[in-house]
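Colleague: need a structure here:
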Amino acid sequence: MAGHSKWNNIKRKKGANDAAMAKVFTKITREIAVAVKESGPDPSTNSKLKNAIAKAKASNIPNDNIERAIKKAAGEGSTANYEEIIYEGYGPSGVAVMVEALTDNKNRTAASIRHYFDKYGGNLGQNGCVSFMFERHGVLCIEKDNIDEETLMNAAIEAGAEDFFSDEEQIFEIRTEASEISSVREFLEAEGYNFAIAEVQYIPSSYTKIEGEDNLKNMAKMLEKFEDDDDVQAVWHNWENVDDAESE
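Modeller: Down below sits the predicted model:
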């Protein structure tokens, strides 16, 4: 859920305790509900729902739970009405931050987001103040376990991916145009690949380094507060040295 797809984040998700997994399920259930209400419960004709299902599977949510969430969202008794909102602002040292939320109470969510920014040395800005520093891309991450890099790269290129990365240790990352993530993912799934991450992300075009111990701690605490908030679906940022801070 952070603004990058490094292995530290994936390991943290995989090692999450039951409470953390329940929170992940709550967030993805909201995403499924919004997708169903917008375009119906059939993922074959609802690309947004198809992407939400892929994200749920990448987070190890059982198929039965996913199906129940879809049925509940499609049922007549479903009254939840969530609105998608993007908040933009700055963290310590001017780090650009984008907070993606699904909320049924805009006033509550806006007050919480503003509080987190203010408390930890940042500030909530106007729409557009940092979004120009990011580009939306589909991101598909595959663990390296016994996977041949050249074979995967060739398959990704054939599927229509726009970029391919291999980190130093554990992960292959495939990037697509945001609108092409479903088709690339489905092609690679048919080739037998499973994903640790499968979602559209805001990728920063440049990065900001945080100086000073207090600023580092405040930025980490701010991100933690955002990610713990049930209304927040994802947080994207351009903190350059985030992996070093998270691995300490």
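
Colleague: got a list of what Lys23 touches?
Modeller: Counting by CB atoms under 8 Å, 6 or more residues apart in numbering, Lys23 touches Asp228, Asp230. The C-beta positions use only the backbone N, C-alpha and C, and glycine is treated the same way.

Colleague: mind telling me what element it is part of?
Modeller: Using DSSP states H and E, Lys23 sits within helix 18-39.

Colleague: next one: Tyr87
Modeller: Counting by DSSP H and E, Tyr87 is part of strand 83-90.

Colleague: just the CA coordinates of that strand, formatted as PDB?
Modeller: What follows is strand 83-90, C-alpha atoms only, in PDB (Å, rounded to 0.1, in the frame of the first residue of the first chain):
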ATOM      1  CA  GLU A  83     -16.900   7.900  -2.800                       C
ATOM      2  CA  GLU A  84     -13.400   7.800  -4.300                       C
ATOM      3  CA  ILE A  85     -11.300  10.800  -3.200                       C
ATOM      4  CA  ILE A  86      -7.600  11.600  -3.800                       C
ATOM      5  CA  TYR A  87      -6.000  13.800  -1.200                       C
ATOM      6  CA  GLU A  88      -2.600  15.500  -2.000                       C
ATOM      7  CA  GLY A  89      -0.100  17.100   0.300                       C
ATOM      8  CA  TYR A  90       3.500  17.200   1.500                       C
END
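
Colleague: pull out the buried positions in it.
Modeller: Ile85, Tyr87, Glu88, Gly89, Tyr90 (16 or more other CB atoms under 10 Å).

Colleague: if the last one is in a bridge, with which residues?
Modeller: Beta-bridge pairing of Tyr90, defined through DSSP bridges, involves Ala96, Asn123.

Colleague: quick one, what contacts it?
Modeller: Contacts of Tyr90 by CB under 8 Å, 6+ apart are Ala96, Val97, Phe117, Gly122, Asn123, Gly125, Cys129, Val130.

Colleague: nearest to Leu152 among those?
Modeller: Among the contacts of Tyr90, Ala96 lies closest to Leu152 (CB to CB), at 31.5 Å.

Colleague: pull out the buried positions in the longest strand seen in the chain.
Modeller: Counting residues, the longest strand found in the chain (DSSP state E) is strand 134-143. Using 16+ other CB under 10 Å as the test for burial, strand 134-143 gives Phe134, His137, Gly138, Val139, Leu140, Cys141, Ile142, Glu143.

Colleague: same list, those, but as JSON lines with distance to Lys71 and pLDDT please.
Modeller: What follows is the buried residues of strand 134-143, written out as JSON lines (distance: CB to CB, whole Å; pLDDT from 0 to 100):
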{"residue": "Phe134", "distance to Lys71": "35", "pLDDT": "97"}
{"residue": "His137", "distance to Lys71": "31", "pLDDT": "95"}
{"residue": "Gly138", "distance to Lys71": "27", "pLDDT": "94"}
{"residue": "Val139", "distance to Lys71": "29", "pLDDT": "93"}
{"residue": "Leu140", "distance to Lys71": "27", "pLDDT": "93"}
{"residue": "Cys141", "distance to Lys71": "29", "pLDDT": "92"}
{"residue": "Ile142", "distance to Lys71": "30", "pLDDT": "92"}
{"residue": "Glu143", "distance to Lys71": "31", "pLDDT": "90"}
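
Colleague: output the residues you listed as a markdown table; include the columns distance to Asn218.
Modeller: What follows is the buried residues of strand 134-143, written out as a markdown table (distance: CB to CB, whole Å):
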| residue | distance to Asn218 |
| --- | --- |
| Phe134 | 22 |
| His137 | 28 |
| Gly138 | 31 |
| Val139 | 27 |
| Leu140 | 32 |
| Cys141 | 28 |
| Ile142 | 34 |
| Glu143 | 32 |
